[in-house]
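Novice: Model the structure of this input:
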Amino acid sequence: MNRRTRRAEEALLGAMFFRPEALPAMRWVPAGAFSSPDLGALWTALQNIDFRTVPTNEVPSAVTAAVARIEDQGLRQCLTPSRIAQLASACPEPRNAVLYGGMTVESAIHRAVEHAGNELRNTAQRAEVDQAGQALDQVERTGNRLAALDTAWKAAPETVRNLLDTPAEEPIQLAPRTTRARVDLQAEAETVASLLWQPGQLPEVTGWLRSADFSDKRLAAVYEAMTTLHDRHAPIDTVTVAWEAARRPGAQPSGQVLDELERAGMGGTAAYTGEHVLGAAVLDRLDATGHHMRDLALHPQLAPTALVDHAEQAMQPTIADRERVHHAEREPELARDSEPAPAGPTDTQPAAHEHEMEINL
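Specialist: Numbering: from 1, shown residues only. Purely as a prediction, here's the structure:
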C-alpha cells in the first residue's frame, strides 16, 4: 500500500470524527475498500453508531465503545485510543470527506485489478495443459469481479466521479513480458507433421486451432499455409506448402524442416496433439492477460472507469479461448457423427516413425 492511499483513507476516517452526521451518506464506500483490515473494521464500527443520539463531546467515547465490540481481538488491539486520536487529526478538511471516499474506492479498484491479474497468472502457471478449460473458469470469475468493481464505482456520487474519473494525459506504456509462460514445441511439431503427412485430418482441427497458437513461427507458417490450401481444395504437400508459405511475411520454413516434418508425421494424431498445442497457448494467453492487468493496475494515472475498461479488454482473447477449448473438447463426439476420415497413406508413402519426434527446428 502506498502513502497516498493511506493518507486518503485516514483523512476519510478522520473526517467522520468531525462530521459523523455525514456517515449515512457515505455508505457507498464499502469496508472492504480500505487497504488494511483494522481501518475497514473501524469504518464498519462507525457505520453502526447512531450519531444522532450522541452529543458532540461524547463522540470519542462512543467510538471507543464501538471499537470494544469488534469481535477480532487483533483488530481491537490495532485500534487503540492513541491510534484513533491520530486518525482524528489526519483529516485536513472534513468537508472533503466525499472526495476522500472516492479516492479510497479508486485505490481499492486498483488493488483488486492487480490481485485479479496475479490470480490469473498463478492459475495459468499452476495448471496442466489438459486443464486449460478449468483454468479458464477463472476468467469468468474475474469478469464478474470487474463488473462488481464497475458497479461499486458507479455507486459513488456523480460529483466525485466527475472529479476523479479523468483521462490519462499520456498514453499508457506497459512493459511486455520477456518470455512466454507456456510452450509445448513437441506437440506443435507433432501436430504439423501429422497434418502434413495426412492432410485429411485438417477438418478435425481447423475449427478450433489457430496459427497464433503455435509459438514457433515457422510451424505456424506451415499450419497457416496448409489451412489456406485446404480451404482452396488445393493439393497439400511439401512443395505446395512451401510455395504458399512464401507468399506470407514472417518466418519461412526451410525445405529441410518440411522434409523432416513429412518424414516424422503420424496419421490420426493431429487432434490429440493439437489439443495440447491449444492448451499451452491458452494458458500462455491467460498468463499474458494477468500480466497485462497487473501492470495496468500499477499505473495511478488510470482512473477507475478506464482501468476497468482496459482490464476487460485485456480479457477478451481468453474469453474467445473458452469457446475454442469447448469446441476442441466436443470434437471427438462431433467426429463420430461425420463422414469417415479419408484413407491413410499408401505403402508408397514414407513410413511413420515413433510418436516422439526429434526435429531440428
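Novice: going forward, measure contacts between C-alpha atoms and count neighbours the same way
Specialist: OK.
Novice: Tell me how far residue 150 lies from residue 303.
Specialist: Residue 150 is 12 Å from residue 303, where distance means Cα to Cα, to the nearest Å.
Novice: Counting neighbours, go ahead and name the busier of these two.
Specialist: More crowded of residue 150 and residue 303, by other Cα atoms under 10 Å: residue 303, with 20 against 17.
Novice: mind listing what that one touches?
Specialist: Residue 303 is in contact with 106, 164-168, counting by Cα atoms under 8 Å, 6 or more residues apart in numbering.
Novice: Might you specify the subset of the residues you listed located within helices?
Specialist: 106, 164 (DSSP state H).
Novice: Could you export the contacts of residue 303 as JSON lines, including distance to residue 56, pLDDT and neighbour count?
Specialist: Putting those into JSON lines (distance: Cα to Cα, whole Å; pLDDT from 0 to 100; neighbours: other Cα atoms under 10 Å) gives the following:
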{"residue": "106", "distance to residue 56": "31", "pLDDT": "96", "neighbour count": "26"}
{"residue": "164", "distance to residue 56": "32", "pLDDT": "95", "neighbour count": "17"}
{"residue": "165", "distance to residue 56": "35", "pLDDT": "94", "neighbour count": "19"}
{"residue": "166", "distance to residue 56": "37", "pLDDT": "91", "neighbour count": "14"}
{"residue": "167", "distance to residue 56": "41", "pLDDT": "88", "neighbour count": "13"}
{"residue": "168", "distance to residue 56": "42", "pLDDT": "81", "neighbour count": "13"}
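Novice: Switch the contacts of residue 303 over to TSV; also include distance to residue 25.
Specialist: Shown next, in TSV, are those (distance: Cα to Cα, whole Å):
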residue	distance to residue 25
106	18
164	19
165	20
166	24
167	27
168	29
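Novice: How far does stretch 22-32 sit from its chain's centre?
Specialist: Centre-to-centre, stretch 22-32 and its host chain are 30 Å apart (Cα atoms, centre = their mean, to the nearest Å).
Novice: With stretch 11-19 instead?
Specialist: With Cα atoms, centre = their mean, you get 37 Å for stretch 11-19.
Novice: Other residues contacting that stretch?
Specialist: 22-23, 43, 59-60, 87-98, 100-101.
Novice: got it, and stretch 114-121?
Specialist: For stretch 114-121, the surrounding residues in contact (Cα under 8 Å, 6+ apart) are 138-139, 142, 286-298.
Novice: please redo it, this time with the cut-off set to 6 Å
Specialist: 287, 290, 293-294, 297 (Cα atoms under 6 Å, 6 or more residues apart in numbering).
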